[in-house]
Structure formats: C-alpha cells, structure tokens
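# pasted the sequence and its predicted model underneath.
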Amino acid sequence: MNTYLRYLPIFLAVILFSCKSGEKLFNKGRYGDAVEAFVKKLQRRPSDATSLQLLPQAYAAAMEFHEGRAKQAIASNNDLKWEAVRNEYNSMQRLYNVIRSSPAASVIVKPKDYSTALASALNNAAEARYERAVQLLEMGDKQSAREAYDEFTASLQLSANYKNAAQLRDQAYQMGLIHVVISEIAISSSYFQFTADQFRDAVVRQLEQRRINNFVKFYDERYVRNQKDFQPDQYLEMRFNDFVVGQTYVDRYQREVSKVISVPSNQKDSTGKVINVDITVKATLFITRKTLASSGFLDYRITDVTNNKLLRQDRLPGSYTWQNQFGTFRGDERALSNEDKRLIGGRDVPPPPPQDLFAELTRPIYDRLASDLQSFYSRY
C-alpha cells in the first residue's frame with residue numbers, strides 16, 4: 001500500500017501531462033500528433049472528457065490538411081507527384097489504424113480507410129519511376145544508364161517486383177559500368193619483379209574490397225588479356241622508376257661520456273657512519289652505425305581506351321631507411337647511461353634482403369596510390 005501511495009503522484013502527473021500534451025498539440029495545429037495523443041489517453045481512460053471532445057475535431061482538421069495536400073499534388077505537373085500523394089495517403093492511413101486501435105475512439109470517430117488509395121498511389125509512383133528509367137536507358141550512354149539504374153531501384157522500392165524493373169535495372173547496371181584494367185607493373189630490374197607483382201596484387205585487392213564506386217570495376221590485366229569479348233574502358237598503367245635499393249653508408253665515431261657518482265670514502269663522521277664523496281667517472285664509446293637507404297618513384301597514368309585521352313597521371317615517391325648501431329667502450333662502465341648500455345649490447349646484424357627493402361619503400365607509395373585512386377573514382 002505504501003509503495004502504491006508513493007508512486008501515485010507520478011502516475012497522476014503522467015495522465016495530466018498526456019492530456020495537456022494532446023491539447024497543446026491541437027492548439028499548435030499539429031492535428032495528426034494530437035489525434036495520437038488523444039487516442040493513447042482514451043486507451044487508458046475511455047471516458048476522458050477532453051479527449052472525447054477534441055479527438056473528432058483533431059481528426060477532421062488532420063484529414064482536411066492531408067487531403068488538401070494530396071489533391072494539390074495530383075493537380076501538379078510533377079513527374080513524381082504520386083510519391084507526394086503516397087506520403088499524404090500514408091499519413092491518413094496511419095490515423096485510421098491509430099483510431100481503430102481504440103474502441104472508445106472508434107465510437108466517436110469513423111476514420112476513412114485509405115489502403116486501396118494508398119496501393120493505387122504506390123503503383124502510380126512506381127510506374128512514374130519506371131517510365132523515367134526506360135527513357136534514360138534508351139539514351140544508350142553510361143551516365144544515362146547509371147541514372148536509369150537509380151530510377152529502377154526507386155521503382156522497386158515503391159512496388160517490389162514491379163513489371164520487369166529488376167531485369168532492366170541489371171541491364172542498366174552493366175551498361176553504366178566503367179571497366180578499369182590495371183596493368184602489370186613495368187620495372188627495370190627483373191630481380192624485383194616478384195615484389196612489384198605483389199604490390200600490384202595488393203592494389204587490385206584493395207580497390208575491389210573498398211568498392212569505391214558502384215559503377216567502377218577493376219581487373220588484373222593478366223586475367224583479362226585473353227578474353228576476346230572483354231572491352232575495357234580505362235587502362236591504369238604503373239611503372240617503378242629511379243629506384244635505389246640498399247645504398248649503404250657506414251659511419252664510425254667515438255663519444256666521450258662522464259657521470260658524477262657518489263662513492264664511500266675512507267672517512268667516517270662522529271657517529272661512525274662512512275662518509276660518501278662525489279667523483280667523476282669517464283668512458284669512451286666507439287660506435288658503428290650502418291645505414292641502408294632505399295628510395296624510388298611510382299609513375300602511374302589512367303587513359304581512356306576509346307580515345308587514348310589521358311585522364312590522370314602522377315609520380316609518387318617512396319623511401320625506407322634501415323639502420324643498425326652497435327659499439328664498444330673503454331673506461332669506467334659506471335659512466336654509461338642505460339641507452340649507452342643498450343648500444344654496447346648491440347651487435348652487427350645483417351641487413352634485410354633487397355626484396356624486403358624494396359617492399360618497405362613501396363609501402364608509402366601504396367598508401368598514397370590507394371588514396372589517389374579512391375579520390376579519383378569516388379566522384380567519377
């Protein structure tokens with residue numbers, strides 16, 4: 001009982017707010033929302049006087065608003081007017097369903113069923129999109145085919161399985177495709193050809209996986225070269241130029257280090273405790289630093305196969321530096337820092353093989369190329 005009394009004020013506040021919300025919505029001219037608010041109130045309290053009084057007025061006003069907009073749309077010359085009509089009929093059908101959900105509301109309001117009119121509007125809207133799509137498809141160019149694809153898609157969204165829209169949409173998609181062949185990568189040294197092929201394979205996979213543009217497809221030249229019926233639209237050619245792999249530099253130098261440390265002395269204080277004194281310890285580091293520098297450029301260009309027109313070209317730089325340091329020391333080890341000790345603990349290790357160095361220098365090139373191609377084809 002105490003729990004009920006504790007929550008009673010909240011319950012009453014919710015009811016009062018619901019009622020006032022319906023009235024506020026009605027007074028603001030939001031008649032459709034007001035209808036829903038009044039119906040919800042009647043579902044809880046079928047005898048609520050305010051809802052019983054204002055619900056018929058709110059419904060009549062909402063119907064007048066939506067029917068007026070529907071008639072206005074029907075009278076227009078807009079090719080897509082039936083989509084606007086569909087929206088209005090849908091709003092009115094929603095009010096029908098809301099009122100029918102409440103016995104108390106159904107007694108005082110006899111809502112109009114717009115299901116038949118809504119189905120007819122949807123069919124007309126789908127037909128309008130279908131007709132636009134067919135006209136675009138008959139134009140025969142790629143851009144029109146892409147627009148036709150969108151129109152067929154819209155038609156099917158309005159009415160699933162409408163006529164042969166699905167079949168024609170597939171046809172429009174094929175007509176709108178841009179087929180881009182990615183060339184084998186030319187490189188002056190056959191020693192790095194395998195790594196260059198791996199680079200190209202990664203580019204092809206990345207472009208296929210990203211699906212940059214729904215109407216652009218990428219192909220590996222090796223797999224389409226012997227397909228007689230295949231006709232590419234564009235050709236992406238790549239070539240590595242001016243590359244140097246593993247240019248070696250060896251630097252040997254020495255460095256003096258020192259540190260002030262505290263050590264026990266031979267003296268004691270009055271309590272017998274040994275007195276510490278500061279001394280400076282020194283050492284000489286003998287360091288060998290090996291550096292292998294690799295660098296190069298990837299030149300690429302995209303051409304239109306039909307007219308040999310250059311669409312885009314660029315030169316992308318890449319570099320990679322491998323370095324190893326090791327050393328010895330002479331003197332007092334206590335003078336060495338932790339970093340010095342790590343350096344002394346190092347050893348002369350062999351550098352990576354040239355193929356690995358070449359792969360590393362192509363990483364920044366790959367990232368830049370993928371970004372360039374995504375930017376180019378995303379708005380193509």
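Okay, I see it.

# now stretch 82-95: buried residues?
82-89, 91-95 (16 or more other CB atoms under 10 Å). Heads up, the C-betas are built off the backbone N, CA and C, glycines and all.

# stretch 207-218 too?
For stretch 207-218, a neighbour-count test (16+ other CB under 10 Å) marks 207, 212, 213, 215, 216, 217, 218 as buried.

# kindly report the same for stretch 43-53.
Those would be 48, 51, 52, for stretch 43-53 by 16+ other CB under 10 Å.

# check stretch 304-315 too.
Within stretch 304-315, the residues scored as buried using 16+ other CB under 10 Å are residue 312.

# state the mean pLDDT of it.
Stretch 304-315 carries an average pLDDT of 95.

# ok, stretch 321-336 next?
Mean predicted lDDT for stretch 321-336 stands at 94.

# what pLDDT does the residue of the chain positioned farthest from its centre get?
Going by CA atoms, centre = their mean, the residue of the chain most distant from its centre is residue 270, 76.5 Å out. We have a pLDDT of 77 for residue 270.

# ok but it is inside a strand, no?
No: counting by DSSP: H, G, I helix; E, B strand; the rest coil, residue 270 is located in no strand; its state is coil.

# now it: phi and psi?
phi -70, psi -20 (degrees, to the nearest 10).

# what separates it from residue 262, distance-wise?
Look at residue 270 and residue 262: by CB to CB, to the nearest Å, they are 20 Å apart.

# residues touching residue 261, list them.
278, 279, 280, 281, 334 (CB atoms under 8 Å, 6 or more residues apart in numbering).

# so which of these wins on neighbours?
Among the contacts of residue 261, residue 281 has the most neighbours (other CB atoms under 10 Å), with 16 neighbours.

# grab the nearest non-local neighbour of it.
Leaving aside its sequence neighbours, residue 281 sits nearest to residue 332 (CB to CB, 6 or more residues apart in numbering; 4.0 Å).

# check residue 62 too.
In space, residue 62 comes closest to residue 31 once its chain neighbours are excluded; the distance is 3.8 Å by CB to CB, 6+ apart.

# now do that neighbour: how many residues are near it, please.
The local packing of residue 31 (other CB under 10 Å) involves 21 other residues.

# quick one: pLDDT of it?
pLDDT, residue 31: 95.

# so who does it touch?
Contacts of residue 31 by CB under 8 Å, 6+ apart are 25, 58, 59, 61, 62, 65.

# next, count neighbours for residue 124.
Using other CB under 10 Å, residue 124 has 17 other residues around it.

# all helices of the stretch 151-300 of the chain, in order?
Listed in chain order, the helices of the stretch 151-300 of the chain (DSSP state H, counting those that start in this stretch) span 165-176, 193-210, 221-224.

# tabulate the ones you listed in CSV, adding columns for mean pLDDT and distance to residue 244.
Shown next, in CSV, are those (pLDDT from 0 to 100; distance: least, CB to CB, whole Å):
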stretch, mean pLDDT, distance to residue 244
helix 165-176, 96, 44
helix 193-210, 80, 15
helix 221-224, 86, 27
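
# nearest to residue 252, out of the ones you listed?
Among the helices of the stretch 151-300 of the chain, helix 193-210 comes nearest to residue 252, with 31.9 Å by CB to CB.

# how about the strands of this structure, start to end?
Ranges of strands in the chain, per DSSP state E, are 178-182, 216-220, 234-268, 274-304, 310-331.

# out of these, which is closest to residue 100?
Among the strands of the chain, strand 216-220 comes nearest to residue 100, with 50.0 Å by CB to CB.

# quick one: strands adjacent to the closest one?
According to DSSP bridges, strand 216-220 forms sheet pairs with strand 178-182 (parallel).

# care to break the chain down by domain?
2-113, 124-176, 191-378 (automatic domain parsing).

# where does pLDDT dip in this protein?
With pLDDT under 70 as the threshold, the chain has low-confidence stretches at 1-20.

# returning to that earlier point: just the contacts of residue 31 now: which is nearest residue 319?
When the contacts of residue 31 are ranked by distance to residue 319 (CB to CB), residue 25 comes first, at 66.4 Å.

# give me the number of residues near that closest one?
20.

# and which of the buried residues of stretch 207-218 is nearest residue 274?
Nearest to residue 274 among the buried residues of stretch 207-218: residue 207, at 74.1 Å, using CB to CB.

# pretty sure the residue nearest to residue 281 is touching residue 280, no?
No: under the criterion of CB atoms under 8 Å, residue 332 makes no contact with residue 280, lying 9.4 Å away.

# in terms of contact, does residue 194 touch residue 356 like I think?
No: taking contacts as CB under 8 Å, residue 194 lies outside contact range of residue 356: 11.7 Å.

# pick out whichever of those two has more residues nearby.
With other CB under 10 Å as the criterion, residue 194 and residue 356 differ in neighbour count, and residue 356 comes out ahead with 16 against 12.

# do you know how far the more buried one is from residue 370?
Distance from residue 356 to residue 370, counting by CB to CB: 21 Å.
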